[in-house]
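**Student:** got a predicted structure plus its sequence, pasted below:
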Protein chains: 2
Amino acid sequence: METTTTISPARQLPVLMTCCTPTSAVDDEAAESLAGMFKALADPARVKILSMLLNADEICACDVSAGIGKTAGTTSHHLKLLREAGLIAGDRRGTWIYYRVVPERLAAVRDALALG
Amino acid sequence: METTTTISPARQLPVLMTCCTPTSAVDDEAAESLAGMFKALADPARVKILSMLLNADEICACDVSAGIGKTAGTTSHHLKLLREAGLIAGDRRGTWIYYRVVPERLAAVRDALALG
DNA sequence: CGCCTGTTTCGACGTCTATCTAAACACTGA
DNA sequence: TCAGTGTTTAGATAGACGTCGAAACAGGCG
């Protein structure tokens, strides 16, 4: 066992970086939280939903099911996961529910991958 | 069933966008591929590994196990997943294997989340 | 060559996840 | 109020995933 790490401050970033220790970089809670956001995106159906939301400012939930080719129940399940991850938000207007992305939240995920 | 989507060209992006259809935005293969990259990041242990790699230019595989607090077998498993996703690359130099991130690949994931 | 250490693979186990059907809930409109 | 449509939840099932211990493999070193 030998530690042979090279520190590169220029590559450090605020989200995935905590300090300068070569071994452990993020604490357990941060890793868990970050992994949770990635997990919310780790499904083709949810990627499709997100891409629909990125192409249109907002979409009716009634269109999502057909858009991803899944049952209404399954679609509701995926929307719930994305909602719970804070990546999308929906509000009911009369009969239908309209969903839209939460840009700040999406930016947070993106920034975690920044290379400085 | 009624389609009530609003198109916003300014928000369209090259990765998650294919055309202007409000329902389906990315094809199945693209969604699958993108979801696969997110899945590779959808675990606290792998997030930690990536953050270690972002803080240091390269790290010895022998340090990863202690860094994430997992068995050698489990650590090898996670490194393999990250390697197969193309997010990290490792080369053997003598006794040890040194890993480093693949910036272009990481940037690809990041760009998929771009809001334009 | 044989030993040692680092790394990977294997087999197994428990948990989580995606998916469906069917039932329950929410809201609108007559 | 009731009927109809959109949405969510419940129950069930099949598959994927994380984890471990132990065995197998690989490369230095005496």
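**Tutor:** Happy to help now that I have it.
**Student:** can you list the residues of chain A near DNA strand C?
**Tutor:** A:1-2, A:39, A:42-46, A:70-74, A:77-78, A:81, A:92, A:94-95 (C-beta under 7 Å from any atom of the strand). C-beta coordinates here come from the backbone N, C-alpha and C atoms, glycine included.
**Student:** Produce a ChimeraX select command limited to the buried residues of those.
**Tutor:** Applying 16 or more other C-beta atoms under 10 Å in any protein chain shown to those leaves a buried subset, and the ChimeraX line that selects it is:
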select /A:39,42,43,44,45,46,70,78,81
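**Student:** the residues of chain A next to DNA strand C in strands, which ones?
**Tutor:** Those of the residues of chain A next to DNA strand C mapping onto strands are A:Arg92, per DSSP state E.
**Student:** for the residue nearest the centre of chain A, give me phi and psi.
**Tutor:** Per C-alpha atoms, centre = their mean, the C-alpha nearest to the average position across chain A is that of A:Met37, at 4.2 Å. A:Met37 has phi and psi values of phi -70, psi -40 when expressed as degrees, to the nearest 10.
**Student:** per-residue confidence at it?
**Tutor:** Predicted confidence (pLDDT) for A:Met37: 97.
**Student:** mind giving me the packing neighbours of the lowest-mean-pLDDT helix or strand in chain A?
**Tutor:** One helix or strand of chain A scores below all others by mean pLDDT, DSSP states H and E: helix A:103-112, with a mean of 92. Here helix A:103-112 touches helix A:28-41, going by 3 or more C-beta pairs under 8 Å, 6 or more residues apart in numbering or on different chains; DSSP states H and E.
**Student:** hmm, the helix it packs on touching DNA strand D?
**Tutor:** No. Using C-beta under 7 Å from any atom of the strand, helix A:28-41 stays clear of DNA strand D, with a minimum separation of 8.6 Å.
**Student:** okay, the angle between that helix and helix A:103-112?
**Tutor:** When axes from the mean of the first three to the mean of the last three C-alpha atoms, to 10 degrees is applied, the directions of helix A:28-41 and helix A:103-112 differ by 110 degrees.
**Student:** what's near enough to touch A:Gly90?
**Tutor:** By C-beta atoms under 8 Å, 6 or more residues apart in numbering or on different chains, A:Gly90 lies in contact with A:61, A:79, A:83, A:97-100.
**Student:** specify the beta-bridge partners of it.
**Tutor:** For A:Gly90, the beta-bridge partners are A:Tyr99 (DSSP bridges).
**Student:** quick one: low-confidence ranges for chain A?
**Tutor:** The model of chain A has pLDDT under 70 over residues A:1-25, A:115-116.
**Student:** sorry, back to before: just how off-centre is the least confident helix or strand of chain A within its chain?
**Tutor:** Relative to its parent chain, helix A:103-112 has a centroid offset of 7 Å by C-alpha atoms, centre = their mean, to the nearest Å.
**Student:** in that helix, what counts as buried?
**Tutor:** In helix A:103-112, the ones that count as buried by 16+ other C-beta under 10 Å are A:105-106, A:108-110, A:112.
**Student:** from the residues you listed, pick the one nearest chain B.
**Tutor:** Using C-beta to the nearest C-beta, A:Arg110 comes nearest to chain B of the buried residues of helix A:103-112, at 4.3 Å.
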